[in-house]
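Asker: Next one to model:
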Amino acid sequence: MSVIEAYDIKARKKVSMKNPQPYLMKNGSWALKGTSAETGINLFKIVGREKPSIAQSRFETFKNLFTNRQCECGKMC
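Answerer: You can find the predicted model right below:
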């Protein structure tokens, strides 16, 4: 999983973002919202017109592993 950095106003430096989530703004641009690893305040980083791809957490990976399986009938159950 790649580390996403954003500028933290309180710490006055770039810090890593915890729990980044994609966010669609009114003008159609995409941004990432998350919390600062150092101070805990909300961070916001504008990334552009294309939706950012965030690596899945371990929980979501295991959930997808066990819910999206093929059964004996050949369908996704």
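
Asker: going forward, measure contacts and count neighbours with C-alpha atoms only.
Answerer: Will do.

Asker: So which residues of the protein form helices?
Answerer: Along the chain, the stretches classed as helices by DSSP state H are 58-67.

Asker: ok, which stretches of it are strands?
Answerer: 5-8, 13-24, 30-36, 42-48 (DSSP state E).

Asker: quick one: contacts of the longest one?
Answerer: Read that as strand 13-24. By C-alpha atoms under 8 Å, 6 or more residues apart in numbering, the residues outside strand 13-24 that reach it are 3-8, 30-38, 43, 51-52, 54.

Asker: are any of the residues you listed buried, and which?
Answerer: 4-8, 30-37, 43 (16 or more other C-alpha atoms under 10 Å).

Asker: and stretch 34-53, how far apart are its ends?
Answerer: Its first and final residues considered, stretch 34-53 spans 14 Å by C-alpha to C-alpha, to the nearest Å.

Asker: can you pull the contacts of Thr35?
Answerer: Met17, Lys18, Asn19, Pro20, Ile41, Asn42, Leu43.

Asker: how near is the fifth one to Trp30?
Answerer: The span separating Ile41 from Trp30 equals 20 Å under the rule C-alpha to C-alpha.

Asker: and what of the second one?
Answerer: In this view, Lys18 and Trp30 are 18 Å apart by C-alpha to C-alpha.

Asker: got it, and the third one?
Answerer: Between Asn19 and Trp30 the distance is 16 Å, computed by C-alpha to C-alpha.

Asker: Kindly reformat the strands of the chain as CSV containing mean pLDDT.
Answerer: CSV is the format used below for the strands of the chain (pLDDT from 0 to 100):
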stretch, mean pLDDT
strand 5-8, 95
strand 13-24, 92
strand 30-36, 94
strand 42-48, 94
